[in-house]
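> Only the shape, not the letters, is given here:
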């Protein structure tokens, strides 16, 4: 009887899932129709809320949740508006979404600057803002701050969490090993604070980001670097103080934006409507295709997934499928891989590396780095003919970490006994009830060194360098894109558009022509939605709602850190960078 009831429950759940899928598809069909018209005298109002998703989440439920535009969609809207004669001006409203790094911001800021070359005006409107919001606003012709707002421009700080004290109280011993003095991913669990090398690296990253912030503001506000540094040191500012300091041009509410200086476009145009409006970019269509692969999330073996709402997982099996399809498609002339990954499994990274090496033998491969392309994320970048990064991209972290958490103390505290039976000298090398013996530790370190040497060799070949040169900038050290360019780890500074342009050059496609982008991951089929109706989009949409509150960065930091080692197989060597949180 119980089995029969269970079967009934399963069928009911399947039926409900199918109904949700059907409703979702009907809803999408209802929205589809004639493209919206654009007024002849329009101003595009664009809310910029980083961090942006790199790819759209797909599920039935995601169709009913508030949707955030992807980074690519946001930049495409700005590019379209630049050449669209109906759009006369752009109003940008930067809002903090919590947890943003710098590369995405730099890509959006570059798009705003490019928009200004059309001669059209850009107005930035701030209700309030910190360093990142003002960084975007400073690219505008005019910066407007709400009279009751404030400008929290005080500098730049990054934070990291160390759980060793808490683990000691719980009786957990982190028996973790690493290759590279700067390979600090394990420090989160093994240390109570910064080591000397860890502090040196963090200070270097923070300083480079800060210098880029100062340079950008100085350029945007037409002030000297020294003046901007002094103004930042005098922050934060109330609205009147910000205007007096020359950091903003006008104090007004959004409905008063054109009171002092009229906005040319009188009709308000929202980005969701404009995204559906067809606009010619003034270029001819070439006919060739470029494959654009989004390699986003923590790298693991198996299939890609959304990891239950705790971030994307990039599965090597899924990635390999994409590349094999691309190599069999004669219409694809080049591949651009957009990497936004802190790394992960060494084995999965090697599998993906191999497939990219096979692909580069058939066509040009260009990598565009997002916010993070470090450790395993850098491993899968090195097969590229060209690597493009933003100045603030986190990259490098060429090193290895592995180990285990010993839980015997925890079980003892709660009165749980443990025992084991094994055959084989090293059968219990990864036992969770005791630390590594000296002999076991030596064996693990030997294997880790071999993995590190393999990593170095992949970089040496990919970057056409020597082991000595790569080892000097490796040792697990994380670099900004700007620093990596100076050290030969990346080739150019720029965003995804620059990477696509380089792919066109290498594929001998006219740079002025448009190409068809074959994007992976592709939208799910009807069967996929039926099979996984609550999949990749539902949890991600709920997570997005939670992160709309900037305070979510604190809980996000803890969640991100604690789940780091939970994804991987016992004893697996990891190419994984440390967690960094900006405030």
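Alright, I've got the coordinates. Bear in mind that the values here come from a model prediction, so they are computed numbers and not experimental data.
> Which secondary structure elements does whichever strand or helix holds residue 472 sit against?
In this assignment (DSSP states H and E), residue 472 forms part of helix 467-473. Judged by 3 or more Cβ pairs under 8 Å, 6 or more residues apart in numbering; DSSP states H and E, helix 467-473 is in contact with helix 438-463. Where C-beta positions appear, they are placed from N, C-alpha and C, glycine not excepted.
> Show me where the stretch 151-300 of the chain has its strands.
158-159, 173-179, 237-238, 250-251, 267-269, 285-296, 298-300 (DSSP state E, counting those that start in this stretch).
> Can you tell me which of the ones you listed is most buried?
Among these, strand 298-300 has the highest mean neighbour count (mean count of other Cβ atoms under 10 Å), at a mean of 28.
> Which residues does that strand contact?
307, 311-316, 341-345, 348-349, 352, 376-377, 380, 567-568, 575-576 (Cβ atoms under 8 Å, 6 or more residues apart in numbering).
> again, but for stretch 195-208
156-158, 160, 181-182, 184, 187, 191, 194, 391-392, 394, 477-480, 482-483, 578, 580.
> Can I have the buried ones of those as a ChimeraX selection?
In ChimeraX, this line selects whichever of the contacts of stretch 195-208 come out buried by 16 or more other Cβ atoms under 10 Å:
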select :156,160,181,182,184,187,191,194,391,392,394,477,478,479,480,482,483,578,580
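> Return the set of buried residues in stretch 244-257.
Buried, per 16+ other Cβ under 10 Å, within stretch 244-257: 245, 247-252, 257.
> Domains in this protein, by residue range?
For the chain, the structural domains run 42-154+235-275, 285-418+425-578, going by automatic domain parsing.
> okay, those domains in JSON lines with distance to residue 207 next?
Formatted as JSON lines, the domains of the chain follow (distance: least, Cβ to Cβ, whole Å):
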{"stretch": "domain 42-154+235-275", "distance to residue 207": "13"}
{"stretch": "domain 285-418+425-578", "distance to residue 207": "9"}
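> Show me the one of the ones you listed that comes nearest residue 168.
Minimum separation from residue 168 across the domains of the chain (Cβ to Cβ) falls at domain 285-418+425-578, 8.6 Å.
> Redo the strands of the stretch 151-300 of the chain as CSV? Include mean pLDDT and distance to residue 514.
CSV is the format used below for the strands of the stretch 151-300 of the chain (pLDDT from 0 to 100; distance: least, Cβ to Cβ, whole Å):
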stretch, mean pLDDT, distance to residue 514
strand 158-159, 88, 39
strand 173-179, 93, 46
strand 237-238, 97, 44
strand 250-251, 96, 38
strand 267-269, 89, 23
strand 285-296, 86, 5
strand 298-300, 94, 32
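> In a markdown table: these, plus distance to residue 459.
Compiled in a markdown table, the strands of the stretch 151-300 of the chain are given as follows (distance: least, Cβ to Cβ, whole Å):
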| stretch | distance to residue 459 |
| --- | --- |
| strand 158-159 | 26 |
| strand 173-179 | 14 |
| strand 237-238 | 45 |
| strand 250-251 | 50 |
| strand 267-269 | 46 |
| strand 285-296 | 17 |
| strand 298-300 | 16 |
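> Among those strands, which comes closest to residue 445?
Using Cβ to Cβ, the nearest of those to residue 445 is strand 173-179, at 6.1 Å.
> do you know how far residue 217 is from residue 210?
According to Cβ to Cβ, to the nearest Å, residue 217 stands 11 Å off from residue 210.
> Between these two, which is the more surrounded one?
Taking other Cβ atoms under 10 Å, residue 217 and residue 210 do not tie; residue 217 has more neighbours (24 against 17).
> quick one: that one and residue 228 touch, right?
Yes: counting by Cβ atoms under 8 Å, residue 217 sits close enough to residue 228 to count as a contact (5.0 Å).
> circling back to that earlier point, mark which of the contacts of stretch 195-208 are part of helices, please.
Under the assignment DSSP state H, the contacts of stretch 195-208 contribute 187, 482-483 to helices.
> Nearest to residue 492 among these?
Using Cβ to Cβ as the measure, the one of the ones in helices among the contacts of stretch 195-208 that approaches residue 492 most closely is residue 482, at 11.5 Å.
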